[in-house]
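Asker: pasting the structure only:
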């Protein structure tokens with residue numbers, strides 16, 4: 001049995017979970033509402049403050065969907081109650097990030113500034129050389145943070161670029177002159 005799949009998802013106070021036809025799960029909480037259609041093969045029940053996911057049989061596909069379905073529901077519950085955030089760091093001489101309205105402007109050593117519009121439901125804040133991406137959907141927060149990082153990945157020689165705050169860049173030694 002899937003160790004993750006069989007764990008019940010606790011529903012905190014102020015959060016409501018409803019399961020409609022076709023396994024359309026709606027999670028409402030203080031931060032907002034998330035709706036997602038989950039695999040129809042899984043049996044999702046809401047019982048006394050917990051969401052329980054069970055699978056019909058032990059086929060390989062069902063086993064993999066079991067844990068996935070439970071984790072997706074858990075991420076939705078955590079998202080509407082606490083929210084998710086990722087912090088990125090801008091390192092490098094002359095590399096800057098600025099925020100104006102819903103537009104994030106990055107100066108990353110290109111001939112032009114890179115402008116990015118915040119997607120729906122995602123908010124970015126700039127604090128010195130840090131960019132904080134936050135929202136209720138774990139998937140969207142991670143995707144937008146990855147798109148920002150993609151504009152200038154950290155390089156291994158000087159460590160310049162945009163990196164996650166908990167990311168460790170493996171540094172390389174530069175060229176040495178002839179003797």
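Answerer: Cool, got the structure. Bear in mind the structure is a predicted one, so any value in this text is a computation, not a measurement. Numbering: from 1, shown residues only.
Asker: longest helix anywhere in this structure?
Answerer: helix 60-81 (DSSP state H).
Asker: Output the contacting helices and strands for it.
Answerer: If you count contacts as 3 or more CB pairs under 8 Å, 6 or more residues apart in numbering; DSSP states H and E, helix 60-81 packs onto strand 9-10, strand 24-29, strand 32-37, strand 50-54, helix 138-150. Yep, even glycine has a C-beta here, placed from its N, CA and C like the rest.
Asker: Adding distance to residue 121, write the ones you listed out as CSV.
Answerer: Shown next, in CSV, are the helices and strands packed on helix 60-81 (distance: least, CB to CB, whole Å):
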stretch, distance to residue 121
strand 9-10, 22
strand 24-29, 13
strand 32-37, 7
strand 50-54, 22
helix 138-150, 6
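Asker: And those: which comes nearest residue 84?
Answerer: helix 138-150 (4.6 Å; CB to CB).
Asker: after that closest one, next one along is what?
Answerer: Using DSSP states H and E, the helix or strand that follows helix 138-150 in sequence is strand 161-164.
Asker: contacting residues around that following strand?
Answerer: Residues outside strand 161-164 that contact it (CB atoms under 8 Å, 6 or more residues apart in numbering): 86-92, 95, 106, 108, 131, 145, 148-149, 151-155, 169.
Asker: Can you turn the buried part of these into a ChimeraX selection?
Answerer: Of the contacts of strand 161-164, the buried ones go into a single ChimeraX selection, burial set by 16 or more other CB atoms under 10 Å:
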select :86,88,89,90,91,92,95,106,108,131,145,148,149,152,154,169
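Asker: re the thing from before, which one, of the helices and strands packed on helix 60-81, ends up nearest to residue 80?
Answerer: strand 24-29 (2.9 Å).
Asker: list the buried ones in the longest helix of the chain?
Answerer: In helix 60-81, the ones that count as buried by 16+ other CB under 10 Å are 62, 65-81.
Asker: from what I can see residue 23 touches residue 42, true?
Answerer: Yes - counting by CB atoms under 8 Å, residue 42 is a contact partner of residue 23 at 6.5 Å.
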